[in-house]
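Novice: The following block contains a protein sequence and its predicted model.
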2 protein chains.
Amino acid sequence: MRISELSRRSGVPVATIKYYLREELLPKGEATSATQAVYSDAHLRRLRLIRALVEGAEAPLAKIRTILEAIDDTGIDLHRLLGTVQYALTPDTPHNDGPEWREAERSTDELLARLGWRVSPLSPARHQLTRTIVTLARVGYQVDPQTLDLYAEAVHTAAEHDVGRVDPAAPREQVVEYVAAMTALMDQALVSLHRLAQEDVSARRLRGGADC
Amino acid sequence: MRISELSRRSGVPVATIKYYLREELLPKGEATSATQAVYSDAHLRRLRLIRALVEGAEAPLAKIRTILEAIDDTGIDLHRLLGTVQYALTPDTPHNDGPEWREAERSTDELLARLGWRVSPLSPARHQLTRTIVTLARVGYQVDPQTLDLYAEAVHTAAEHDVGRVDPAAPREQVVEYVAAMTALMDQALVSLHRLAQEDVSARRLRGGADC
DNA sequence: TAGTTTTGGAGAGTAGTACTATCCAAAACA
DNA sequence: TGTTTTGGATAGTACTACTCTCCAAAACTA
């Protein structure tokens, strides 16, 4: 198909498709002349994945490029792919170094030790958790170990399910796209549901006269 | 304290503090002359909250202003405050209308009916969940009811805990700040832990030869 | 065949966001 | 008295993801 049809079928404007071509997020179409090219279903699929990462994960384009390269790397193992997606989705934030940072870091380390989770010391999510603990402490809310344990147990169930759905019998292309999409987007489902749950509990407990 | 001390104690540059004053995120200090003012501990606390929302929740300043106004509204009930924070944190995204949207919307509605959660039809998190389901469907991953049920159960436990920590005996100012901070920031803790859990499960199941 | 539309490619422009730098007169400090 | 800090105002900056414009070649249509 030509670029206009790709645009129509994907819902992405031609100018944006051209932009993604220039940014090398989307591979070139097959040139049929110096000024013409045709695009395949693979382009449509790739475009949909890009838009999902832009809209659903609010990932910056540079980071999306990293994810796509990992997907296209035929030698990558799935664990590494999952790690690459997580890295890409985690904003670069400054490393702090002070007593409050070290205390929060200790909370994180102790939690992971208690849980026995196999997590790299370099994992960006570690850093993010530490940072969240610091941020909450700064506004007067100490996150205690019981809270962290309870949260951890909850999300581990979800994660078992996420990873359990990886189908070893499916074509590799599908598997890697599933891992990338799941890693990038199920966080958003989790957050949405968390908010819905908060609303439900709040409606029962905090609404009206129940607010002290 | 003067603005330089406020800057030193908060870690926020003077220029940024002035910016927040202009943007009316931060109330004016108490003028001691035409060109001098002093700031209280309340200013320091407010500045920390602003930075927590900027850095921890990645909330746009205009939305932070909305949250702060709700906090300062002495007549607001806590349930409404929680709703206001959630609204503020949810990006405005277009409403779609097509068969795939309606199908996803039905998934969301059925889930909430199954769960019996008290959730407003206008809740932004409803819309976000629907959108996530659509986005995942577009990249080939259908989110089934079992997945949603499992996630929902997990996060409800977390939400019970979140809301259960609201202390009716504490000063109102503290309570409203806790509700706002919790609503805005515990999502990030949840996501961080979800990612750590995924890494753990992936390490067990997907690493190396386990990838088909 | 001629006029119109579409294309790849290149470059410039736009909007939004959150700051950051500069300037100035008045106040505070040493 | 000279230097530093202040409130206030204004302009500038960096980043991000597009979006618009132009042009020559190719494709389409009547």
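Specialist: Now that the structure is in, tell me what you want to look at.
Novice: what's the neighbour count on the residue nearest to A:Tyr87 when sequence neighbours are not counted?
Specialist: Of all residues not flanking A:Tyr87 in the chain, A:Pro124 sits nearest, at 5.4 Å (Cβ to Cβ, 6 or more residues apart in numbering or on different chains). In short, each C-beta sits where N, CA and C put it, glycine included. Counted with other Cβ atoms under 10 Å in any protein chain shown, the neighbours of A:Pro124 add up to 21.
Novice: my read: A:Pro124 touches A:Thr93, true?
Specialist: No. Taking contacts as Cβ atoms under 8 Å, A:Pro124 lies outside contact range of A:Thr93: 9.3 Å.
Novice: Kindly state the domain boundaries assigned to chain A.
Specialist: Annotated domains of chain A cover A:1-56, A:92-164 [automatic domain parsing].
Novice: Could you point out the helix or strand that follows the host helix or strand of A:Ile67?
Specialist: Using DSSP states H and E, A:Ile67 maps to helix A:61-72. Using DSSP H and E, the helix or strand that follows helix A:61-72 in sequence is helix A:78-89.
Novice: List the buried residues in the helix holding A:Ile67.
Specialist: For helix A:61-72, a neighbour-count test (16 or more other Cβ atoms under 10 Å in any protein chain shown) marks A:63-68, A:70-71 as buried.
Novice: That one near DNA strand D anywhere?
Specialist: Yes. Against DNA strand D, helix A:61-72 shows contacts by Cβ under 7 Å from any atom of the strand at A:61-62.
Novice: quick check, distance from stretch A:64-77 to the centre of its chain.
Specialist: Mean-position distance between stretch A:64-77 and its chain equals 15 Å (Cα atoms, centre = their mean, to the nearest Å).
Novice: what does chain A put close to DNA strand D?
Specialist: Counting by Cβ under 7 Å from any atom of the strand, chain A sits next to DNA strand D at A:13, A:15-16, A:18-19, A:32-36, A:54, A:59-62.
Novice: got the contact list for the spatially most central residue of chain A?
Specialist: Nearest to the mean C-alpha position of chain A, counting by Cα atoms, centre = their mean, stands A:Ala184 at 2.7 Å. Applying Cβ atoms under 8 Å, 6 or more residues apart in numbering or on different chains, we find A:Ala184 in contact with A:52-53, A:56-57, A:59, A:67, A:85, A:89.
Novice: Quick check: ChimeraX command selecting the buried ones in these.
Specialist: Here is the ChimeraX command that selects the buried residues among those (16+ other Cβ under 10 Å):
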select /A:52,53,56,57,59,67,85,89
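Novice: Just send the contacts of A:Ala184 back as CSV, with distance to B:Gln142 and pLDDT too.
Specialist: Listed next are these as CSV, based on distance: Cβ to Cβ, whole Å; pLDDT from 0 to 100:
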residue, distance to B:Gln142, pLDDT
A:Ala52, 14, 96
A:Leu53, 18, 97
A:Gly56, 15, 94
A:Ala57, 18, 95
A:Ala59, 22, 95
A:Ile67, 21, 97
A:Val85, 20, 97
A:Leu89, 22, 95
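Novice: Any chance of the contacts of A:Ala184 in CSV with distance to B:Arg118 as columns?
Specialist: Converted to CSV, the contacts of A:Ala184 look like this (distance: Cβ to Cβ, whole Å):
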residue, distance to B:Arg118
A:Ala52, 31
A:Leu53, 33
A:Gly56, 27
A:Ala57, 29
A:Ala59, 33
A:Ile67, 38
A:Val85, 35
A:Leu89, 32
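Novice: near DNA strand C, from the residues of chain A next to DNA strand D?
Specialist: Filtering the residues of chain A next to DNA strand D for neighbours of DNA strand C using Cβ under 7 Å from any atom of the strand leaves A:18, A:35-36.
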